[in-house]
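[1] The following block contains a protein sequence and its predicted model.
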Amino acid sequence: MDEGTNIVMVNPAGEVLLYLRDDKPTIKFPNTWCLPGGYLEPGEQPHECIRREIEEEMGVVLDLGAVHPLVSLERSYGTEHTFWTEVDLDLDRVVLTEGQRLKWFTEAEAATHALGYEDNAILAEFFDRRERGELVRPAGPGGVSR
(Lines give C-alpha, C1' and ligand atoms only; values in the text may rest on other atoms or scores of the structure.)
Protein backbone atom coordinates (compact mmCIF):
# COMPACT_ATOMS: atom_id res chain seq x y z
CA MET A 1 0.00 0.00 0.00
CA ASP A 2 1.16 3.53 -0.73
CA GLU A 3 1.70 6.24 1.85
CA GLY A 4 1.20 9.84 0.84
CA THR A 5 0.77 13.38 2.03
CA ASN A 6 -1.19 16.42 1.03
CA ILE A 7 -1.60 19.89 2.43
CA VAL A 8 -4.31 22.50 2.86
CA MET A 9 -2.56 25.80 2.09
CA VAL A 10 -4.68 28.78 3.19
CA ASN A 11 -4.08 32.39 2.15
CA PRO A 12 -4.89 35.45 4.30
CA ALA A 13 -8.31 35.71 2.60
CA GLY A 14 -9.17 32.20 3.84
CA GLU A 15 -8.99 30.62 0.38
CA VAL A 16 -7.39 27.21 -0.16
CA LEU A 17 -4.87 26.33 -2.85
CA LEU A 18 -5.77 23.58 -5.29
CA TYR A 19 -3.94 22.41 -8.36
CA LEU A 20 -5.32 21.02 -11.58
CA ARG A 21 -3.69 17.65 -12.24
CA ASP A 22 -2.15 16.87 -15.61
CA ASP A 23 -4.52 15.52 -18.25
CA LYS A 24 -2.77 12.17 -18.67
CA PRO A 25 -4.89 9.02 -18.72
CA THR A 26 -2.09 7.08 -16.99
CA ILE A 27 -2.35 9.03 -13.69
CA LYS A 28 -4.97 8.92 -10.96
CA PHE A 29 -7.61 11.65 -11.28
CA PRO A 30 -6.41 13.23 -14.54
CA ASN A 31 -7.56 16.81 -15.24
CA THR A 32 -9.02 17.06 -11.70
CA TRP A 33 -8.54 19.68 -8.98
CA CYS A 34 -6.73 18.34 -5.90
CA LEU A 35 -4.80 19.39 -2.84
CA PRO A 36 -1.04 19.54 -3.48
CA GLY A 37 0.93 16.56 -2.24
CA GLY A 38 2.58 13.30 -3.18
CA TYR A 39 3.91 9.95 -2.10
CA LEU A 40 6.59 9.21 0.47
CA GLU A 41 9.99 7.99 -0.66
CA PRO A 42 11.61 5.08 1.21
CA GLY A 43 12.75 6.15 4.69
CA GLU A 44 10.98 9.52 4.45
CA GLN A 45 8.70 10.89 7.16
CA PRO A 46 5.35 12.52 6.19
CA HIS A 47 6.43 16.07 7.14
CA GLU A 48 9.62 15.64 5.07
CA CYS A 49 7.56 14.38 2.14
CA ILE A 50 5.17 17.32 2.05
CA ARG A 51 8.03 19.80 2.20
CA ARG A 52 9.89 18.00 -0.61
CA GLU A 53 6.79 17.66 -2.79
CA ILE A 54 5.85 21.35 -2.53
CA GLU A 55 9.42 22.42 -3.24
CA GLU A 56 9.71 20.07 -6.25
CA GLU A 57 6.32 20.91 -7.73
CA MET A 58 6.11 24.65 -6.96
CA GLY A 59 9.58 25.84 -6.00
CA VAL A 60 8.15 26.87 -2.62
CA VAL A 61 9.95 25.91 0.60
CA LEU A 62 7.54 25.35 3.47
CA ASP A 63 8.57 26.39 6.98
CA LEU A 64 7.93 23.13 8.82
CA GLY A 65 7.37 25.09 12.03
CA ALA A 66 4.25 26.54 10.40
CA VAL A 67 3.01 23.22 8.98
CA HIS A 68 0.51 21.46 11.23
CA PRO A 69 -0.97 17.95 11.07
CA LEU A 70 -4.67 17.89 10.26
CA VAL A 71 -5.52 14.18 9.94
CA SER A 72 -4.00 10.82 8.96
CA LEU A 73 -6.38 8.26 7.53
CA GLU A 74 -6.29 4.81 6.00
CA ARG A 75 -7.69 4.92 2.48
CA SER A 76 -8.28 2.20 -0.11
CA TYR A 77 -5.02 3.27 -1.77
CA GLY A 78 -2.96 3.55 1.44
CA THR A 79 -2.30 5.94 4.32
CA GLU A 80 -2.86 9.64 3.69
CA HIS A 81 -1.32 12.27 5.97
CA THR A 82 -2.88 15.71 5.62
CA PHE A 83 -1.27 18.88 6.90
CA TRP A 84 -2.34 22.52 6.86
CA THR A 85 -0.52 25.84 6.83
CA GLU A 86 -1.30 29.49 6.26
CA VAL A 87 0.68 31.14 3.46
CA ASP A 88 0.79 34.43 1.62
CA LEU A 89 1.72 33.17 -1.81
CA ASP A 90 1.61 35.08 -5.11
CA LEU A 91 0.65 32.42 -7.66
CA ASP A 92 2.04 34.54 -10.51
CA ARG A 93 5.52 33.97 -9.03
CA VAL A 94 5.16 30.19 -8.62
CA VAL A 95 6.79 28.01 -11.28
CA LEU A 96 4.66 24.89 -11.44
CA THR A 97 6.55 21.76 -12.55
CA GLU A 98 3.69 19.29 -12.18
CA GLY A 99 0.03 19.75 -12.97
CA GLN A 100 -1.63 22.31 -15.23
CA ARG A 101 -2.21 25.23 -12.89
CA LEU A 102 -2.82 26.49 -9.36
CA LYS A 103 -5.84 28.43 -8.15
CA TRP A 104 -7.13 29.83 -4.86
CA PHE A 105 -10.66 28.61 -4.01
CA THR A 106 -13.12 29.84 -1.44
CA GLU A 107 -14.81 27.20 0.70
CA ALA A 108 -17.97 27.50 -1.43
CA GLU A 109 -16.06 27.30 -4.72
CA ALA A 110 -14.12 24.20 -3.65
CA ALA A 111 -17.34 22.50 -2.57
CA THR A 112 -18.78 22.82 -6.11
CA HIS A 113 -16.00 20.65 -7.61
CA ALA A 114 -15.59 16.88 -7.45
CA LEU A 115 -12.00 16.92 -6.20
CA GLY A 116 -9.62 14.01 -6.56
CA TYR A 117 -8.87 11.42 -3.93
CA GLU A 118 -10.79 12.23 -0.71
CA ASP A 119 -10.09 15.96 -0.94
CA ASN A 120 -13.73 17.13 -0.67
CA ALA A 121 -14.04 15.35 2.69
CA ILE A 122 -10.66 16.64 3.84
CA LEU A 123 -11.59 20.25 3.04
CA ALA A 124 -15.00 19.85 4.70
CA GLU A 125 -13.24 18.66 7.86
CA PHE A 126 -10.68 21.47 7.65
CA PHE A 127 -13.31 24.20 7.29
CA ASP A 128 -15.47 22.65 10.02
CA ARG A 129 -12.58 22.44 12.48
CA ARG A 130 -11.47 25.98 11.62
CA GLU A 131 -15.02 27.26 12.16
CA ARG A 132 -15.10 25.58 15.60
CA GLY A 133 -11.78 27.22 16.51
CA GLU A 134 -9.91 23.92 16.73
CA LEU A 135 -7.14 25.02 14.36
CA VAL A 136 -4.74 27.62 15.71
CA ARG A 137 -3.05 29.70 13.05
CA PRO A 138 0.72 29.53 12.98
CA ALA A 139 2.53 32.45 14.57
CA GLY A 140 5.03 34.42 12.53
CA PRO A 141 5.26 35.72 8.99
CA GLY A 142 3.88 32.65 7.21
CA GLY A 143 4.73 29.19 6.11
CA VAL A 144 6.88 29.70 2.99
CA SER A 145 10.18 31.04 1.79
CA ARG A 146 11.76 31.28 -1.63
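    Great, that's in hand.
[2] how about the helices of the protein, start to end?
    For the chain, helices defined by DSSP state H occupy the ranges 46-58, 107-111, 119-131.
[3] helices or strands next to the last one in the packing?
    Secondary-structure packing of helix 119-131 (3 or more CB pairs under 8 Å, 6 or more residues apart in numbering; DSSP states H and E): strand 2-10, strand 16-20, strand 68-75, helix 107-111. Placement of C-beta: from N, CA and C, glycine included.
[4] ok, of the ones you listed, where does mean pLDDT dip lowest?
    Note on these: lowest mean pLDDT is at strand 68-75, with a mean of 91.
[5] Please identify the buried residues of stretch 97-107?
    By 16 or more other CB atoms under 10 Å, the buried positions in stretch 97-107 come out as Gly99, Leu102, Trp104, Phe105.
[6] I figured the first one was touching Asp22, is that so?
    Think Gly99. Yes. The criterion here is CB atoms under 8 Å, and Gly99 meets it with Asp22 at 5.9 Å.
[7] where does the protein have low pLDDT?
    Counting by pLDDT under 70, the chain contains low-confidence ranges at 1, 137-146.
[8] same thing but 50
    By pLDDT under 50, the low-scoring segments of the chain are 138, 141, 144-146.
[9] so can I have a markdown table of the helices of the chain showing distance to Leu73?
    Shown next, in a markdown table, are the helices of the chain (distance: least, CB to CB, whole Å):
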| stretch | distance to Leu73 |
| --- | --- |
| helix 46-58 | 12 |
| helix 107-111 | 19 |
| helix 119-131 | 9 |
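[10] picking that back up, looking at the buried residues of stretch 97-107, which is nearest Ala13?
    Distance to Ala13 across these (CB to CB) is lowest for Trp104, with 7.4 Å.
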